[in-house]
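Only the shape, not the letters, is given here:
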């Protein structure tokens, strides 16, 4: 069972984990991304490509489900204005064993960073700037290519 | 007609998020169209002068800039993605 939500609102990681725990596997892995307040950041504005985002993230989830024997996958990615300390992304995976759950969770996060149509703009007191893609993130995503 | 959609700083430089243009010949590549857009000058020149900083999607699928536009209905042009 997999579910993808692209939403402006917050989410409850505990409720998401509980749902994954009920999927009958022996292990649940998850990652929750939080907005960092580095360098005096006031807010992030996340833009996305509404006509593409859900379908693209579902393709990434399908890829993970082909590679690992997953009993449950949950992906939530927020868009809009987010302040430091707010949750931005959640990936949860359930499987019979820990290796599949942990690896699939890492894979999903790496591919969300480099393969999902989101763009972050940073707001500071005196300026704004678009976040630039990092070669390191591309390299991490590429490391899963087979 | 072909719909062009823009995101992030490409959208800001161009000044709008969507427009419709006459459909180019099917074998015209995205890279060639980007060069034509840059030649409009102003914000377009700013947005499209450096294709190496751009990525594209045809009908909501990522494709390389050297792909022909073909029969696609929608071409999106944007910077490398930064989600997660």
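Ah, there it is. Fair warning: this is a prediction, and the values are worked out from it, not measured in the lab.

so what's residue 46 up against?
I'll assume chain A. Residues in contact with residue A:46, defined by Cβ atoms under 8 Å, 6 or more residues apart in numbering or on different chains, are A:78-82, A:88, A:118-121, B:83. Any C-beta I mention is one placed from the backbone N, CA and C, and that applies to glycine too.

that's the wrong chain, I wanted chain B
Residue B:46 touches residue B:13, counting by Cβ under 8 Å, 6+ apart.

Which of the contacts of residue A:46 sits closest to residue B:44?
residue A:119 (19.1 Å; Cβ to Cβ).

Excluding covalently adjacent residues, which one is nearest to that closest one?
Spatial nearest neighbour of residue A:119, chain neighbours left out: residue B:8 (3.8 Å); criterion: Cβ to Cβ, 6 or more residues apart in numbering or on different chains.

Throw together a PyMOL command that grabs the buried residues out of the contacts of residue A:46.
Selection command for PyMOL covering only the buried members of those, criterion 16 or more other Cβ atoms under 10 Å in any protein chain shown:
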select buried, (chain A and resi 78+79+82+88+118+119+120+121) or (chain B and resi 83)
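
can the contacts of residue A:46 go into a markdown table with extra columns for secondary structure, pLDDT and distance to residue A:7?
Converted to a markdown table, these look like this (DSSP: H, G, I helix; E, B strand; the rest coil; pLDDT from 0 to 100; distance: Cβ to Cβ, whole Å):
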| residue | secondary structure | pLDDT | distance to residue A:7 |
| --- | --- | --- | --- |
| A:78 | strand | 98 | 6 |
| A:79 | coil | 98 | 7 |
| A:80 | strand | 98 | 9 |
| A:81 | strand | 98 | 13 |
| A:82 | strand | 98 | 12 |
| A:88 | strand | 98 | 11 |
| A:118 | strand | 98 | 13 |
| A:119 | strand | 98 | 17 |
| A:120 | strand | 98 | 16 |
| A:121 | strand | 98 | 19 |
| B:83 | coil | 94 | 14 |
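
Next, format the contacts of residue A:46 as TSV and append distance to residue A:34.
Listed next are the contacts of residue A:46 as TSV, based on distance: Cβ to Cβ, whole Å:
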residue	distance to residue A:34
A:78	11
A:79	16
A:80	16
A:81	15
A:82	9
A:88	7
A:118	16
A:119	19
A:120	13
A:121	18
B:83	14
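
which two in the contacts of residue A:46 are spaced the farthest apart?
With Cβ to Cβ as the measure, no two of the contacts of residue A:46 lie farther apart than A:81 and B:83, at 15.3 Å.

what residues are up against the residue lying closest to residue B:67 once chain neighbours are set aside?
Take residue B:67 and drop its neighbours on the chain: the residue closest to it by Cβ to Cβ, 6+ apart is residue B:30, 5.8 Å away. If you count contacts by Cβ under 8 Å, 6+ apart, residue B:30 has them with B:56, B:58, B:63-67, B:69, B:75, B:77.

What separation is there between residue B:30 and chain A?
16 Å (Cβ to the nearest Cβ, to the nearest Å).

tell me the phi and psi of that residue?
phi -60, psi -40 (degrees, to the nearest 10).

pretty sure residue B:20 belongs to a strand, no?
Yes: assignment of residue B:20 by DSSP: H, G, I helix; E, B strand; the rest coil places it within a strand.

What is the burial count for the closest residue to it other than its chain neighbours?
Excluding the flanking residues, the one nearest residue B:20 by Cβ to Cβ, 6+ apart is residue B:1, at 4.8 Å. Neighbour count of residue B:1, defined by other Cβ atoms under 10 Å in any protein chain shown: 8.

Next: residue A:36.
Residues within reach of residue A:36, counting by other Cβ under 10 Å, total 11.
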